[in-house]
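Asker: here's my sequence, what's the structure:
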Amino acid sequence: MSQASPLHIALIQTDLYWKDKVANLAMLEEKIWGIQEQVDLILLPEMFPTGFTMDVKEVGEPMNLHITKWMQQMARQKQAVIAGSAIIQDSGNFFNRLIWASPSGSIAFYDKRHLFRMADEQLHFTAGDQFPIFELKGWKICPQICYDLRFPVWSRNRADEKGELAYDVIFYVASWPGARTSAWDALLPARAIENLAYSIGLNRVGVDGNEIAYVGHSAAYDFKGDSITHLGEREAVQTITLDFDILKQYRKKFPAWQDSDPFQLLR
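Answerer: Below is the predicted model:
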């Protein structure tokens, strides 16, 4: 495991304007500029420009258009990575795509693997089949989206031939309904414990245009499942700092990953 300096992450737990990109980007820009601390990564909710909608033809857009360019601009101005998901049309398909915009202007992305069939998401979106790991300040970071949280095999932190685990931090950007908050609260620390990694969930609040209520509960947990922060049920912006050295020490002291069951994931 390589060395890395502390990682500063801002969580923006917010309500969203229903299918109004202009209003949402303006609101989020104000919140981003209100972050006074130096941060390395700023997390936005799932489908932050529109809310969680299946109206893909109405509000979806190609890569490198308004949303992507806005994220690049904010990343450059704040000198921090901006990450959140949006409805992106690519090669004739629509994706619930998490965009990772770096201050340099570079873009990476992760397409949501598990589509929420209870809202017919699979009828409107194409599922992703790639498992990217982003790197930032020496940290390896695994991006996930909402419903992915329920599927631990997909996110299992496996070691390579050198014994290096795939990632140090896993995060979920979400529009997780308040009706199932107990599952959110249980699964986030579980992902931290089983993967010996920091686990972060960034959820929205408010009521969307389909009358679905969201209560936040954005949170971060360390590799033992202990709480680092919990944002409650109101709009909030919180910055947390993750320590690489104590993660490294714990993995050395408690190398449970060495006894994990080997498997090959078929995509």
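Asker: which element is T68 on?
Answerer: If you go by DSSP states H and E, T68 is part of helix 66-78.
Asker: now do that helix: which elements does it pack against?
Answerer: Using 3 or more C-beta pairs under 8 Å, 6 or more residues apart in numbering; DSSP states H and E, the elements in contact with helix 66-78 are helix 21-33, strand 81-90, strand 93-101, strand 107-111. In short, each C-beta sits where N, CA and C put it, glycine included.
Asker: go through that helix and flag the buried ones.
Answerer: Buried residues in helix 66-78, counting neighbours by 16 or more other C-beta atoms under 10 Å, are found at I67, T68, W70, M71, Q72, M74, A75, K78.
Asker: residues in contact with that helix?
Answerer: Here helix 66-78 makes contact (C-beta atoms under 8 Å, 6 or more residues apart in numbering) with 21, 25, 29, 32-33, 35, 39, 42, 49, 61, 81-82, 84, 86, 88, 99, 101-103, 105, 107.
Asker: of those residues, grab the buried ones for PyMOL.
Answerer: The PyMOL selection below is limited to those of these classed as buried (16+ other C-beta under 10 Å):
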select buried, resi 21+25+32+35+39+42+49+61+81+82+84+86+88+99+101+102+103+107
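Asker: how close does the residue lying closest to L25 once chain neighbours are set aside get to E61?
Answerer: The shortest distance from L25 to any residue other than its chain neighbours is 5.4 Å, reached at W70 (C-beta to C-beta, 6 or more residues apart in numbering). Look at W70 and E61: by C-beta to C-beta, to the nearest Å, they are 11 Å apart.
Asker: before we move on, what about R251?
Answerer: Distance, R251 to E61, by C-beta to C-beta: 41 Å.
Asker: do a quick rundown of the helices in the stretch 51-200 of the chain.
Answerer: All helices of the stretch 51-200 of the chain, identified by DSSP state H, counting those that start in this stretch, fall at 56-59, 66-78, 121-124, 181-195.
Asker: how about a markdown table for these, with distance to D148 and mean pLDDT added?
Answerer: Compiled in a markdown table, the helices of the stretch 51-200 of the chain are given as follows (distance: least, C-beta to C-beta, whole Å; pLDDT from 0 to 100):
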| stretch | distance to D148 | mean pLDDT |
| --- | --- | --- |
| helix 56-59 | 19 | 98 |
| helix 66-78 | 21 | 98 |
| helix 121-124 | 12 | 98 |
| helix 181-195 | 10 | 98 |
